[in-house]
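>>> Let's see this in three dimensions:
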Amino acid sequence: MQNTMGAELRHVILCTLGSSGDVHPFVGLGRELRRRGYRVTVITAGYFRSLVEQAGLEFVDPRPEMDFREMIRNPRIWHPLRGTRTIIDLAVRPLLEPVYRSILAHQTPGQTLVCGSSLAFGARVAQEADGIPLVSVHLSPLLFRSDFEGPRLPVLQVHRGPAWFRRLQWRLVDSVSDRAICPWLNRFRGHLGLPPVRHVFREWMHSPLRLVAMFPGWFAPQQRDWPPQTRLAGFPLYSEEGVIEPSPDVVRFIEAGPPPLVFTPGSANLFGGDFFLAAVEACRRLGRRGLLLTRFPEQVPAPLPDTVRHVDFVPFRWLLKRSALLVHHGGIGSMSQAFAAGVPQVIMPMGFDQCDNAARVERLGVGSSLPTRRFRGPALASTIRGLLEDSALARRCRDIAARLDEADGLQLACDEIEAAWEECPPREAFSQSALSTATGKDAVDRPDSPGEGELRVRLRRV
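I've put the predicted structure just below:
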């Protein structure tokens with residue numbers, strides 16, 4: 001695979017920040033890219049080392065001293081308004097320089113392309129500062145604003161009202177987010193000789209080379225005011241297949257009776273005690289079997305009835321096709337796996353993209369949402385009963401599953417990654433265009449890529 005300068009793509013670096021729901025898609029991309037013959041390196045938290053290496057990919061921990069488990073013990077992560085700022089302070093800011101360092105340390109000049117998740121800001125800086133090609137990968141429609149059909153944000157109403165009202169709220173979002181991000185981001189950029197940026201979420205975070213949206217158009221239609229370099233791929237349906245197999249106990253439980261209800265409050269949620277209490281009570285009221293999924297068993301009530309089991313994790317592609325319904329937090333990974341399995345879903349949204357995902361599920365007519373204040377056993381049981389008794393909803397679930405059988409989102413995304421390399425301009429030209437896009441000014445002159453000595457001097461100043 002050659003670009004316009006005749007350079008051969010040999011190495012893809014995947015950078016992702018977040019929970020399993022953020023890492024799984026990139027491991028899925030890495031497996032497909034490796035199948036196509038590329039060397040693949042994944043830069044992410046050390047918590048995911050085993051998953052990445054068992055998937056046959058190279059692993060780099062950008063900041064080994066950062067404790068992922070300790071970070072997710074902060075309850076503010078799940079606050080509908082403070083959650084994003086908390087994630088920025090706990091993970092995005094501390095990982096800015098380490099991710100940048102890791103990319104420069106592991107790339108092969110002229111043969112490497114980087115794919116970065118939405119908050120992998122160090123990858124975006126490496127693109128501007130050193131001309132390393134970057135494909136931005138956004139998992140959720142929440143990252144795409146529009147004056148026509150916008151996402152649903154917690155508390156705000158950017159999806160409704162006249163255009164001037166929606167634009168006013170987006171300006172408020174930009175003002176708040178830039179105040180939280182630009183001071184430390186621009187300080188680091190300044191040490192690298194880069195000019196300051198603003199409108200981080202509106203413009204800067206999107207690579208001008210290529211922006212891959214990991215969802216299909218029927219879920220979130222592409223709007224005419226989205227970035228023109230956007231390409232829709234499809235859902236990245238990977239959940240540790242080939243790494244983890246269902247345990248014999250889980251297989252026996254599934255085969256011993258009717259399809260169970262499956263419950264998960266999110267892979268990084270350590271505050272799901274009330275969620276699981278409601279799950280057990282709903283199973284009791286409905287006379288249904290249940291499976292509780294979490295790698296943090298301290299939040300599971302004890303003792304459990306014989307008809308309800310706890311398990312750390314089971315690959316969703318295997319499990320949900322053998323289940324009756326999924327109850328979850330609204331993460332786009334869990335949601336899309338329920339789509340693929342053709343089962344209804346109940347969502348308890350808390351923050352981030354979860355409110356938007358819940359609204360889209362309801363619009364498609366394949367599930368319902370329950371706010372946290374109403375997420376109790378009786379209300380949950382009533383909601384589940386209504387979904388399971390709705391034959392028209394079951395038919396819509398099957399129709400959506402059939403749609404997902406027609407296209408592989410991971411393969412489509414890898415096609416776009418390869419196409420981005422083919423269109424990639426020279427490193428120095430690309431760096432100039434990236435800076436111009438972000439600042440509206442002419443880029444500063446800088447070398448194609450720093451030598452090792454220059455890099456050490458530059459980073460000592462940071």
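>>> how close does residue 307 get to residue 73?
Distance of residue 307 to residue 73, given as C-beta to C-beta, to the nearest Å: 31 Å. Bear in mind the C-beta positions are built from the backbone N, C-alpha and C, glycine included.
>>> Between these two, which is the more surrounded one?
Neighbour count, other C-beta atoms under 10 Å: between residue 307 and residue 73, residue 307 has more, with 16 against 11.
>>> Let me know the pLDDT of the nearest residue to the more buried one once chain neighbours are set aside.
In space, and not counting its chain neighbours, residue 307 is closest to residue 289: 4.7 Å by C-beta to C-beta, 6 or more residues apart in numbering. Residue 289 carries a pLDDT value of 98.
>>> just residue 263 next, same as before
98.
>>> now do the one 10 residues further on
At residue 273, the model reports a pLDDT of 95.
>>> Kindly report the same for residue 334.
97.
>>> Need phi/psi at residue 169.
phi -70, psi -40 (degrees, to the nearest 10).
>>> Quick one: distance of stretch 138-154 to the chain centre.
Taking C-alpha atoms, centre = their mean, to the nearest Å, one finds stretch 138-154 lying 14 Å from the centre of the chain it belongs to.
>>> Now do the buried residues in that stretch.
Neighbour-count burial for stretch 138-154, counted by 16 or more other C-beta atoms under 10 Å, picks out 138-146, 150-154.
>>> Tell me which of those residues fall in strands.
residue 138 (DSSP state E).
>>> Lowest pLDDT pick from the buried residues of stretch 138-154?
Minimum pLDDT across the buried residues of stretch 138-154 falls on residue 154, with 72.
>>> Not counting sequence-adjacent ones, nearest residue to it?
residue 80 (3.9 Å).
>>> gap between the nearest residue to residue 82 once chain neighbours are set aside and residue 85?
Nearest residue to residue 82, sequence neighbours excluded (C-beta to C-beta, 6+ apart): residue 76, at 5.0 Å. Relative to residue 85, residue 76 is positioned 8 Å away (C-beta to C-beta).
>>> neighbour-wise, which of those two wins?
residue 85 (16 against 13).
>>> What are the neighbouring residues in contact with the more buried one?
Counting by C-beta atoms under 8 Å, 6 or more residues apart in numbering, residue 85 touches residue 180.
>>> ok but it is inside a helix, no?
Yes - under the criterion used here (DSSP: H, G, I helix; E, B strand; the rest coil), residue 85 sits inside a helix.
>>> how about the helices in the stretch 1-150 of the chain?
20-35, 49-54, 68-71, 83-87, 93-106, 121-130 (DSSP state H, counting those that start in this stretch).
>>> pretty sure residue 72 contacts residue 19?
Yes - contact status for residue 72 versus residue 19: in contact at 7.5 Å, counting by C-beta atoms under 8 Å.
>>> so what sits against both of the two?
Shared contacts of residue 72 and residue 19, counting by C-beta under 8 Å, 6+ apart, come down to residue 268.
>>> Next, format the buried residues of stretch 138-154 as JSON lines and append distance to residue 322.
Formatted as JSON lines, the buried residues of stretch 138-154 follow (distance: C-beta to C-beta, whole Å):
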{"residue": "138", "distance to residue 322": "31"}
{"residue": "139", "distance to residue 322": "26"}
{"residue": "140", "distance to residue 322": "27"}
{"residue": "141", "distance to residue 322": "29"}
{"residue": "142", "distance to residue 322": "30"}
{"residue": "143", "distance to residue 322": "33"}
{"residue": "144", "distance to residue 322": "34"}
{"residue": "145", "distance to residue 322": "39"}
{"residue": "146", "distance to residue 322": "38"}
{"residue": "150", "distance to residue 322": "37"}
{"residue": "151", "distance to residue 322": "32"}
{"residue": "152", "distance to residue 322": "32"}
{"residue": "153", "distance to residue 322": "35"}
{"residue": "154", "distance to residue 322": "33"}
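>>> which of the buried residues of stretch 138-154 lies closest to residue 341?
residue 139 (18.9 Å; C-beta to C-beta).
>>> Contacts only, for the closest one.
Counting by C-beta under 8 Å, 6+ apart, residue 139 has contacts 21-22, 25, 117-118, 214-215, 236, 332-333.
>>> and the residue nearest to it when sequence neighbours are not counted, how many neighbours does it have?
Excluding the flanking residues, the one nearest residue 139 by C-beta to C-beta, 6+ apart is residue 214, at 4.8 Å. Neighbour count of residue 214, defined by other C-beta under 10 Å: 26.
>>> shaky segments in the chain?
Applying pLDDT under 70 to the chain picks out residues 1-6, 155-158, 426-462.
>>> what about 90?
Counting by pLDDT under 90, the chain contains low-confidence ranges at 1-8, 68-85, 145-174, 242, 351-352, 406-407, 423-462.
>>> Domain map for it?
Using automatic domain parsing, the domain ranges for the chain come out as 11-237+408-460, 248-405.
>>> and the end-to-end length of the shortest one?
Distance across domain 248-405, first residue to last, is 28 Å (C-alpha to C-alpha, to the nearest Å).
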